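A.B. asks: Build me a model from this:
(one chain, ligands or ions: 1)
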Amino acid sequence: MRWRYWTKQRRQAVTTTHVPGATRFDEWLLNKSWRSSELTNVPNGSGLKAVPGDGGIPLVGHSLEALRLGLDFGLKRYETYGPVSWMNAFGVRMVMVTGGDATQVVMTNKDKVFSQKGWEYFIGPFFRRGLMLLDFDEHMFHRRLMQQAFTRQRLTGYLGHVASAAAGGVKSWQPGKLLMYPALKQLTLDIAGSVFMAAALGKEKDALNKAFVDTVRAGTSLIRFPVPGGRWNAGLRGRQVLEDFFRRTIPAKRASDSDDLFAGLCHARTDDGSAFSDDDVVNHMIFLMMAAHDTTTITTTTATYYLAKHPEWQDRVREECVKAGPGPLDIDALEGLTNLEMVIKESLRLVAPVPSLARRTVRDTEILGHYVPANTMVSLTPWVTQMLPELWPNPARFDPERFSSERKEDKVHRYAWLPFGGGAHKCIGLHFGMLEVKTLLHQLLTHHQWSVPEDYEVRWDTTALPAPSDGLPIALKR
Ligand code: HEM
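C.D. replies: Residues are numbered from 1 along each chain as shown. Next up is the predicted model:
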């Protein structure tokens with residue numbers, strides 16, 4: 001039987017690379033069925049069930065499908081095996097967790113059994129000791145300290161930097177054809193430079209941008225050790241570039257009273273006087289830059305894509321933005337852009353910037369009655385959950401009104417919509433991220449109109465975090 005998600009309409013969306021013959025190969029991969037087996041024997045008398053699944057291609061596992069097919073692969077696994085299943089991919093055996101209830105078990109983590117050590121395997125060498133990679137009491141300590149850099153007062157200061165960098169960047173875009181994704185990536189890096197360091201990155205900008213891209217891409221390397229020319233190697237080099245940059249800048253930041261995030265981390269204190277060490281500041285800065293930069297770029301790119309495909313929505317949110325004034329808008333004014341907020345939420349649903357979240361079990365446990373032994377890699381799959389027809393009516397449709405106060409479709413389950421994660425590790429930059437994306441879109445909408453040809457469908461490259469494989473070419477008009 002052919003896979004039911006494999007329709008003509010999805011054929012384009014599914015082909016995430018430009019490799020010749022990719023469509024036939026992808027079709028073969030997607031329709032191939034594997035012999036199902038159990039993850040492991042269930043302890044006698046436990047009353048638990050085994051986790052169903054399969055290993056995929058010997059040695060490679062399901063890495064190719066996961067990289068090339070992304071969302072479609074996740075939907076197929078869910079349809080075949082349900083909310084809890086196992087597979088081999090990227091050199092490791094993992095349990096995939098999809099859907100509201102299964103996600104809730106892991107996110108709530110009431111017995112502290114799901115550790116962030118899962119991330120260690122994918123990005124540990126590149127983002128070591130970033131907040132997301134810390135666990136339990138140590139994590140709580142660092143999170144409380146970091147929270148001081150995310151107060152409303154500090155966000156107000158950051159937004160000032162965002163607004164001036166965004167306005168300058170967007171105004172300089174010339175009418176004509178523009179590759180939206182690289183343009184936004186450059187702009188968000190400029191913004192990160194001023195928000196995080198109150199500094200123009202100058203001639204180091206390109207090297208830092210490359211270092212970020214390399215460190216992020218390294219996480220999904222098929223070859224997971226340093227070989228010349230390989231992704232892993234590039235990631236390690238990238239980490240070194242970033243470390244050198246931040247370490248050499250710390251003394252000046254500690255001495256300054258500037259209102260950027262870097263200074264915020266340098267000066268953060270708990271009531272008992274604890275502070276971040278230089279190593280902590282370097283590790284947190286590298287992780288924060290990555291966490292803020294790529295996610296906001298992807299969200300803004302996705303929103304511009306859907307606004308190009310749905311000009312009626314582009315007009316509607318432009319009207320709202322024009323009414324709010326030319327900017328810079330403060331937090332209250334940005335929070336008042338309710339139509340724009342629905343568009344952003346719907347964009348975050350249709351393309352989750354962090355499509356999967358990694359955990360590792362520290363003891364034997366169970367998820368929805370399935371036995372999961374200690375030291376198992378667990379992969380939460382927000383993107384797949386956000387596209388499940390049982391949670392979202394007509395899930396592939398762009399329909400921002402789902403988030404309106406009348407429909408509230410996101411409230412159908414606590415974990416139906418989770419682009420920012422949940423539980424103890426829920427995104428600390430959630431509020432700031434939304435405000436940054438709104439500021440960017442407000443500037444874009446008040447200065448430009450943009451469109452794509454009617455038959456254009458973006459192809460998401462999921463070999464790292466999702467990105468349009470052709471850069472998203474749009475036609476820009478003032
Ligand atoms: C649209 C933008 C963003 C999205 C979609 C996003 C998504 C996420 C997700 C899914 C997690 C949870 C990871 C997990 O459970 O393992 C997370 C954590 C985190 N995010 Fe964001 N993020 C965004 C923006 C930002 C920004 C702007 C910052 C900082 C300025 C930031 C900093 C962090 C940090 C530090 C964590 C780790 C929190 C912890 O472990 O306690 N994020 N983010």
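A.B. asks: Let me know how buried residue 178 is, in neighbour terms.
C.D. replies: 20 (other C-beta atoms under 10 Å). Any C-beta I mention is one placed from the backbone N, CA and C, and that applies to glycine too.
A.B. asks: cool, residue 384 as well?
C.D. replies: For residue 384, using other C-beta under 10 Å, the count is 25.
A.B. asks: which non-adjacent residue is nearest it?
C.D. replies: residue 74 (3.6 Å; C-beta to C-beta, 6 or more residues apart in numbering).
A.B. asks: Let me see the backbone angles for that neighbour.
C.D. replies: Torsion angles at residue 74 (phi, psi; degrees, to the nearest 10) stand at phi -60, psi -40.
A.B. asks: quick one: pLDDT of it?
C.D. replies: Listed pLDDT for residue 74 reads 95.
A.B. asks: where in the stretch 151-300 of the chain is pLDDT low?
C.D. replies: Scanning the stretch 151-300 of the chain for pLDDT under 70 picks out 198-202, 219-222.
A.B. asks: In it, mark out all the strands, start to finish.
C.D. replies: For the stretch 151-300 of the chain, the strands defined by DSSP state E, counting those that start in this stretch occupy 176-179.
A.B. asks: so how far is residue 461 from the closest residue to the ligand within the stretch 1-150 of the chain?
C.D. replies: In the stretch 1-150 of the chain, the residue that lies nearest the ligand is residue 132 (3.8 Å; C-beta to the nearest ligand atom). As judged by C-beta to C-beta, to the nearest Å, residue 132 and residue 461 stand 23 Å apart.
A.B. asks: rewinding a little: go ahead and confirm the residue of the stretch 1-150 of the chain closest to the ligand touches residue 287.
C.D. replies: Yes: between residue 132 and residue 287 there is a contact at 6.5 Å, judged by C-beta atoms under 8 Å.
A.B. asks: Setting aside sequence neighbours, what's the nearest residue to residue 148?
C.D. replies: residue 268 (4.4 Å).
A.B. asks: now residue 469
C.D. replies: Nearest one to residue 469, counting by C-beta to C-beta, 6+ apart, is residue 461 at 4.0 Å.
A.B. asks: do the same with residue 425
C.D. replies: residue 132 (6.1 Å).
A.B. asks: can you check residue 427 too?
C.D. replies: Nearest to residue 427 is residue 420, by C-beta to C-beta, 6+ apart, at 3.8 Å.
A.B. asks: Can you read off the backbone torsions of the one you found?
C.D. replies: Torsion angles, degrees, to the nearest 10, at residue 420: phi -100, psi 10.
A.B. asks: Now for it, how many residues are close by?
C.D. replies: Count around residue 420 with other C-beta under 10 Å applied: 20.
A.B. asks: how close does whichever residue of the stretch 351-478 of the chain sits closest to the ligand sit to residue 259?
C.D. replies: Nearest to the ligand, among the residues of the stretch 351-478 of the chain, is residue 429, at 2.1 Å (C-beta to the nearest ligand atom). Going from residue 429 to residue 259 by C-beta to C-beta gives 16 Å.
A.B. asks: next one: residue 358
C.D. replies: In terms of C-beta to C-beta, residue 358 sits 34 Å off from residue 259.
A.B. asks: And residue 423, by the same measure?
C.D. replies: 30 Å.
A.B. asks: ditto for residue 28
C.D. replies: Applying C-beta to C-beta to residue 28 and residue 259 gives a distance of 55 Å.
A.B. asks: So these two - more neighbours on which side?
C.D. replies: residue 259 (16 against 9).
A.B. asks: and residue 409, how many neighbours does it have?
C.D. replies: Quick note: residue 409 (other C-beta under 10 Å) scores 17 neighbours.
A.B. asks: now do residue 164
C.D. replies: Residues near residue 164, counting by other C-beta under 10 Å: 14.
A.B. asks: Excluding residues flanking it in the chain, which one is nearest it?
C.D. replies: In space, residue 164 is closest to residue 328, 7.0 Å off (C-beta to C-beta, 6+ apart).
A.B. asks: just checking, that neighbour touches residue 159?
C.D. replies: Yes: the pair residue 328 and residue 159 passes the contact test of C-beta under 8 Å, sitting 7.3 Å apart.
A.B. asks: Would you tell me which helix is longest in the protein?
C.D. replies: When the chain is parsed with DSSP state H, its longest helix is helix 278-309.
A.B. asks: For the residue nearest to residue 164, give its distance to the ligand.
C.D. replies: 18 Å (C-beta to the nearest ligand atom, to the nearest Å).
A.B. asks: Which element, helix or strand, includes that residue?
C.D. replies: For residue 328, there is no helix or strand it lies in under DSSP states H and E.
A.B. asks: Same question for residue 87.
C.D. replies: Assigned by DSSP H and E, residue 87 falls in strand 84-89.
A.B. asks: so how far is residue 238 from residue 228?
C.D. replies: Counting by C-beta to C-beta - residue 228 and residue 238 are separated by 15 Å.
A.B. asks: re the thing from before, which one of residue 328 and residue 159 has more residues nearby?
C.D. replies: residue 159 (22 against 18).
A.B. asks: residue contacts, residue 223?
C.D. replies: Applying C-beta atoms under 8 Å, 6 or more residues apart in numbering to residue 223 gives the contacts 230, 231, 232.
A.B. asks: That should have said residue 238, apologies.
C.D. replies: So, once contact is read as C-beta under 8 Å, 6+ apart, residue 238 ends up touching 126, 210, 211, 212, 213, 214, 215, 218.
A.B. asks: which of those residues count as buried?
C.D. replies: 126, 211, 212, 213, 214, 215, 218 (16 or more other C-beta atoms under 10 Å).
A.B. asks: so what pLDDT did the first one get?
C.D. replies: Spelled out, it's residue 126. The model's pLDDT for residue 126 equals 89.
A.B. asks: Could you confirm it falls within a helix?
C.D. replies: No: membership of residue 126 in a helix is not supported by DSSP: H, G, I helix; E, B strand; the rest coil, which gives coil.
A.B. asks: got the phi/psi numbers for it?
C.D. replies: Per-residue torsions, residue 126: phi -100, psi -30 (degrees, to the nearest 10).
A.B. asks: my guess is it contacts residue 215, does it?
C.D. replies: Yes: assessed by C-beta under 8 Å, residue 126 is found in contact with residue 215 at 4.1 Å.
A.B. asks: can you give me phi and psi for residue 151?
C.D. replies: According to degrees, to the nearest 10, residue 151 has phi -70, psi 160.
A.B. asks: ok, how many other residues are close to it?
C.D. replies: Count around residue 151 with other C-beta under 10 Å applied: 11.
A.B. asks: do residue 374 as well
C.D. replies: Count around residue 374 with other C-beta under 10 Å applied: 11.
A.B. asks: so what pLDDT did residue 1 get?
C.D. replies: 29.
A.B. asks: re earlier: quick one: the buried ones among the contacts of residue 238 as CSV, columns for distance to the ligand too.
C.D. replies: Output for these, formatted as CSV (distance: C-beta to the nearest ligand atom, whole Å):
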residue, distance to the ligand
126, 15
211, 18
212, 14
213, 17
214, 20
215, 15
218, 17
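A.B. asks: on that earlier part again, residues near the residue of the stretch 351-478 of the chain closest to the ligand, how many?
C.D. replies: Residue 429: 21 surrounding residues under other C-beta under 10 Å.
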